[in-house]
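Undergrad: Just need the structure, nothing else, for what follows:
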Amino acid sequence: MLLNYIIWTPDQVLFELGFFKVRWYSLMIISAFLSGRMLLSYFFKKEGRPVEDVDKFSLYILIACLVGARLGEVIFYDPIRYLKSPLEAIFPIELTPKFQIVGYKGLSYHGALIGGFVGAFLYANYNINFSLYPFRLKLVKQKKMGQSFLWILTPLAFGVMMGFFVRIGNFINSEIIGTPTHSQYGVIFAKHVVEDLSNSLPAIQSVRVLKNNTAEYDTIKGYPPIIVECTFAGVGVEEEAIKRFIENRLRSYLRASHVKEHIYVPSDSPLDYTITRNKKSQYIVDVKAFGIPRHPVQLYESFSYLLTLIVLFAWWYYKGATIRDGMIAGVAATICYSFRFLFEFFKDPFNVLIPGKYPITMGHMLSLLTVMAGIIVLIIIYRLPNNKKQVRINQ
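TA: The predicted structure follows:
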């Protein structure tokens with residue numbers, strides 16, 4: 001039978017230089033910013049606005065989105081943790097169980113949207129004078145000619161939808177995972193299991209999770225068969241010692257609650273495994289188990305943002321002269337976060353507000369509020385006089 005699931009165990013670090021690590025997630029954020037910067041340059045040029053303003057606008061939005069994304073994660077999703085360790089909320093570090101630089105792994109898309117909204121308002125209405133030495137921070141009210149707040153919402157919407165890169169980064173990191181698909185389709189997010197198993201049991205040198213193309217699906221739950229391959233570090237260890245290790249420590253680990261979210265080992269039957277040796281005389285243990293495919297909801301969201309971006313950009317490209325300022329932003333918020341509200345049902349529930357078979361989470365509420373904000377923007381735009389000139393587009 002053709003196995004349609006994917007076992008996902010990527011390395012989230014692209015490369016490292018000593019203690020400094022460049023992660024895929026960081027690369028995705030940089031890609032989102034640089035791609036957004038190029039799109040904004042084209043937008044300003046086609047709209048007849050000064051292209052030199054793009055750098056200033058990009059800086060406002062970048063800082064506002066990063067601050068908003070981080071504050072959103074802290075306030076909306078994990079306030080208790082960061083109240084206990086406020087330094088982790090400010091700096092890209094972890095203090096427990098040991099100090100390490102981890103990057104800003106917790107960023108809220110809703111927080112970034114709010115931050116971008118504030119940044120756009122400041123850009124359109126104020127000039128910020130900032131200096132480190134001597135320290136100076138001053139807001140001077142100064143409207144941008146030809147760049148009203150409603151007008152600036154369109155390039156902001158295009159920039160925010162570049163967040164499809166960020167969702168790809170979440171997928172690489174195995175973050176924001178989906179619910180089980182209850183079929184052979186989906187993604188088995190085994191990365192954290194592989195890393196945790198390698199780090200928690202010193203006797204094990206390396207771990208791989210592989211497809212088992214010769215075994216049958218689980219008859220009760222329908223999970224696809226996999227092999228957890230463990231290579232032991234020691235040479236010259238007796239096989240009986242390996243067996244005792246497997247029956248005691250490895251068995252209990254594979255049946256731990258956090259592992260059972262991704263790998264299923266039947267508790268009512270003995271552990272099924274084989275022991276072999278490689279060319280280095282190291283023992284290799286192949287444990288037969290079952291994987292739990294889940295919805296790659298990160299990719300669902302990424303595709304929805306990209307598709308909405310393409311459609312709305314094409315609309316602006318061909319009909320921009322007749323589209324009211326701010327309308328694209330209102331439509332983008334309504335469409336993107338309607339999708340987001342739907343996709344929340346396919347996410348592993350987190351920050352549940354209303355429990356049940358289909359729990360309502362903080363993500364649902366924030367998405368609903370964003371959809372409502374988009375509709376309100378559209379209503380306000382329609383109630384304002386249309387200052388756009390109707391331009392006949394010659395084919």
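Undergrad: mind checking how far Tyr14 is from Phe20?
TA: I think there's a mix-up here, since residue 14 is Leu and not Tyr. Per C-beta to C-beta, to the nearest Å, Leu14 is found 12 Å from Phe20. Using the backbone N, CA and C atoms, a C-beta is placed for each residue, glycine as well.
Undergrad: neighbour-wise, which of the two wins?
TA: Each of Leu14 and Phe20 has its neighbours counted (other C-beta atoms under 10 Å); Leu14 has more, 13 against 8.
Undergrad: Determine the three-state secondary structure at that one.
TA: Secondary structure assignment for Leu14 (DSSP: H, G, I helix; E, B strand; the rest coil): strand.
Undergrad: phi, psi of the closest residue to it other than its chain neighbours?
TA: Of all residues not flanking Leu14 in the chain, Val22 sits nearest, at 4.7 Å (C-beta to C-beta, 6 or more residues apart in numbering). Backbone torsions of Val22, given as degrees, to the nearest 10, read phi -100, psi 120.
Undergrad: Pull the number of nearby residues for Val22.
TA: 14.
Undergrad: And it, what's its pLDDT?
TA: Val22 is assigned 79 on the pLDDT scale.
Undergrad: cool, and Lys260?
TA: Looking at Lys260, the pLDDT reads 87.
Undergrad: need the contact list for it.
TA: Listed by C-beta atoms under 8 Å, 6 or more residues apart in numbering, Lys260 has no contact partners.
Undergrad: That one falls within a helix, correct?
TA: No - Lys260 is assigned coil when assessed by three-state DSSP, not a helix.
Undergrad: separation between it and Ser367?
TA: 29 Å.
Undergrad: Please tell me how far Tyr126 sits from Lys56.
TA: 12 Å.
Undergrad: can you check Pro134 too?
TA: Distance from Pro134 to Lys56, by C-beta to C-beta: 22 Å.
Undergrad: other SSEs contacting the helix or strand hosting Tyr60?
TA: Secondary structure from DSSP states H and E places Tyr60 in helix 53-72. Packing contacts for helix 53-72, counted by 3 or more C-beta pairs under 8 Å, 6 or more residues apart in numbering; DSSP states H and E, involve helix 24-46, helix 109-125, helix 149-161.
Undergrad: which residues are contacting the host helix or strand of Val207?
TA: Under the criterion of DSSP H and E, Val207 resides in strand 204-211. Residues outside strand 204-211 that contact it (C-beta under 8 Å, 6+ apart): 3, 5, 7, 9, 188, 190, 193-194, 197-198, 224-233, 263, 282, 291.
Undergrad: at 6 Å what do you get?
TA: By C-beta atoms under 6 Å, 6 or more residues apart in numbering, the list of residues contacting strand 204-211 from outside reads 3, 7, 9, 190, 194, 197-198, 226-231, 233.
Undergrad: Filter the residues you listed down to the buried ones.
TA: Taking 16 or more other C-beta atoms under 10 Å as the criterion, what is buried in the contacts of strand 204-211 is Leu3, Ile7, Thr9, Ala190, Val194, Leu197, Ile226, Ile227, Val228, Glu229, Cys230, Thr231.
Undergrad: Just give me the closest of these to Phe121.
TA: Thr9 (43.3 Å; C-beta to C-beta).
Undergrad: Might you report the residue contacts of the closest one?
TA: Taking C-beta under 6 Å, 6+ apart, one finds Ala190, Lys191, Val194, Val209 in contact with Thr9.
Undergrad: so what's Gln184 up against?
TA: By C-beta under 6 Å, 6+ apart, the neighbours of Gln184 are Asn4, Tyr5, Pro224.
Undergrad: go again using 8 Å as the cut-off
TA: Leu3, Asn4, Tyr5, Tyr217, Gly222, Pro224, Pro293.
Undergrad: mind checking how far Leu240 is from Val207?
TA: Slight slip there: residue 240 is Glu, not Leu. 22 Å.
Undergrad: Tell me which of these two has more neighbours.
TA: Counted by other C-beta under 10 Å, Glu240 and Val207 do not tie: Val207 has more neighbours, with 19 against 8.
Undergrad: Could you tell me the per-residue confidence at that one?
TA: 91.
Undergrad: hmm, back to that, buried ones in the strand holding Val207?
TA: So, applying 16+ other C-beta under 10 Å, buried residues of strand 204-211: Ile204, Val207, Val209, Lys211.
Undergrad: how about low-confidence regions in the stretch 51-200 of the chain?
TA: Along the stretch 51-200 of the chain, segments meeting pLDDT under 70 span 88-89, 91-97, 100-106.
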